[in-house]
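Colleague: one predicted model, sequence on top.
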Amino acid sequence: MPEIHDRKAWLKARKTGLGGSDMPAVIGVSRFTSPMELWLEKVGYVEEEESTGDMKRGKGMEPMIRDMYQEREDREVLPAPEMMRHPEHSWMIANPDGLLEDEEMGHGVWEAKCPRSYTFATILREGLSYEYVAQGQHYLAVSGREFVSYAIFDNENWKMIVLSVRRNEKIIAHLIEIGQEFWHCVETRTPPDGLPALRLPQGRKKQELVTVDAPEWTETLRRLHMARRIEREAKKLKEKSGLRIQAMMGDLEHVQGGGAVVHCTQKEGYRKLDLEALKSAHPEIDLERFYARAAPKRVPRVYFDKEYGDGRQTR
């Protein structure tokens with residue numbers, strides 16, 4: 001494909017196929033985009049989102065990560081075409097960060113990643129995420145190359161790890177199969193509701209404990225655990241920040257600055273109805289008649305193993 005130097009033209013070209021960053025959403029392992037959201041972008045119902053802060057950070061850090069990688073691995077990162085297309089499956093496109101040539105591993109693809117520290121620590125502990133694997137194998141499928149080398153940099157702690165993965169024909173075949181179905185949905189403007197998805201064994205006794213060993217199940221639970229952890233940390237940060245603001249304001253009630261306006265005025269204390277006192281004072285009243293009940297529903301209660309470092313349940 002010809003070089004694409006204009007971002008608007010590049011975004012337009014991205015709508016002509018599925019790129020490496022699209023594949024995690026297509027197969028249902030993306031933390032950021034669902035298959036439906038991606039489909040809406042590809043058919044033109046919604047515009048592709050502008051680059052996020054994380055994306056801009058990664059793009060800005062890429063030259064430095066490339067230099068660190070080349071010095072550490074003693075391997076030159078060659079420029080890659082801005083857009084590559086699979087010779088047989090024209091819907092498969094790719095724009096890797098670079099190309100590699102290695103005497104032992106052969107022709108490769110280079111990818112720079114600059115995740116947040118939590119994600120970096122997760123990769124150190126558990127290995128590459130399904131998102132990174134799907135993107136890398138997609139690039140290998142399009143380019144016909146043999147391996148992908150990830151330079152993963154934690155800019156908060158100034159650490160870099162290098163992980164190289166060889167071409168996996170089984171994964172590539174899976175990506176092509178699911179991607180082909182998804183792209184057919186785009187071409188026919190049919191929402192991708194029918195794409196393959198994990199469904200646990202059915203028809204068993206409700207009380208029976210069913211063992212599941214499937215990547216999609218494990219990835220979904222990992223996301224839940226991560227979300228709960230982020231939620232707890234956010235709650236702590238919110239409480240600490242609120243107390244710090246209150247302490248800095250002292251007796252002041254209205255302050256502006258730093259891109260915000262803060263009001264801190266006296267409020268009435270929290271009040272609630274004392275049902276026990278009401279029952280004691282008026283035992284003749286049937287309080288059950290005054291309760292509003294929501295419709296019953298099933299709510300999963302998840303208990304994580306100790307390996308997660310937190311055995312508490314979450315809903």
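Modeller: That came through fine.

Colleague: excluding its backbone neighbours, what's nearest residue 65?
Modeller: Using Cβ to Cβ, 6 or more residues apart in numbering and skipping residues adjacent in sequence, the residue nearest residue 65 is residue 112, 4.4 Å away. Every residue, glycine included, has its C-beta placed from N, CA and C.

Colleague: is that neighbour part of a helix or strand, or is it coil?
Modeller: Secondary structure, DSSP: H, G, I helix; E, B strand; the rest coil: residue 112 is strand.

Colleague: quick check: it vs residue 125, distance?
Modeller: Noted for residue 112: a distance of 21 Å to residue 125, by Cβ to Cβ, to the nearest Å.

Colleague: which of these two has more residues huddled nearby?
Modeller: Neighbours per residue, other Cβ atoms under 10 Å: of residue 112 and residue 125, the larger number sits with residue 112, 24 against 9.

Colleague: bridged to the more buried one, which residues?
Modeller: Taking DSSP bridges, one obtains residue 151 as the residues bridged to residue 112.

Colleague: so what are the domain limits for this structure?
Modeller: 7-194, 209-251 (automatic domain parsing).

Colleague: now render the ones you listed as a markdown table, adding distance to residue 297 and mean pLDDT.
Modeller: Shown next, in a markdown table, are these (distance: least, Cβ to Cβ, whole Å; pLDDT from 0 to 100):
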| stretch | distance to residue 297 | mean pLDDT |
| --- | --- | --- |
| domain 7-194 | 22 | 89 |
| domain 209-251 | 18 | 85 |
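
Colleague: what's the most buried one of those domains?
Modeller: Of the domains of the chain, the one with the most neighbours on average (mean count of other Cβ atoms under 10 Å) is domain 7-194, at a mean of 17.

Colleague: part of a helix, is residue 107?
Modeller: No. Counting by three-state DSSP, residue 107 falls outside a helix, being strand.

Colleague: wait, it sits on residue 101?
Modeller: Yes. Here residue 107 lies in contact with residue 101, judged by Cβ atoms under 8 Å, at a distance of 6.3 Å.

Colleague: just checking, what packs against the strand or helix carrying residue 131?
Modeller: For residue 131, the enclosing helix or strand under DSSP states H and E is helix 130-143. Here helix 130-143 touches helix 23-26, strand 84-85, strand 93-94, strand 106-113, strand 147-154, strand 159-166, helix 169-187, going by 3 or more Cβ pairs under 8 Å, 6 or more residues apart in numbering; DSSP states H and E.

Colleague: okay if I get the ones you listed as TSV plus distance to residue 57?
Modeller: Converted to TSV, the helices and strands packed on helix 130-143 look like this (distance: least, Cβ to Cβ, whole Å):
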stretch	distance to residue 57
helix 23-26	19
strand 84-85	25
strand 93-94	22
strand 106-113	11
strand 147-154	10
strand 159-166	15
helix 169-187	27
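
Colleague: so which of those comes closest to residue 33?
Modeller: helix 23-26 (4.1 Å; Cβ to Cβ).

Colleague: and the strands in this protein?
Modeller: Using DSSP state E, the strands found in the chain span residues 84-85, 93-94, 98-102, 106-113, 147-154, 159-166, 254-257, 260-263, 302-303, 313-314.

Colleague: just put those in TSV and tack on distance to residue 58.
Modeller: Formatted as TSV, the strands of the chain follow (distance: least, Cβ to Cβ, whole Å):
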stretch	distance to residue 58
strand 84-85	20
strand 93-94	17
strand 98-102	14
strand 106-113	7
strand 147-154	9
strand 159-166	13
strand 254-257	31
strand 260-263	28
strand 302-303	31
strand 313-314	30
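
Colleague: residue 64 is in contact with the residue nearest to residue 65, correct?
Modeller: No. Applying Cβ under 8 Å as the test, residue 112 and residue 64 come out as separate, 9.2 Å apart.
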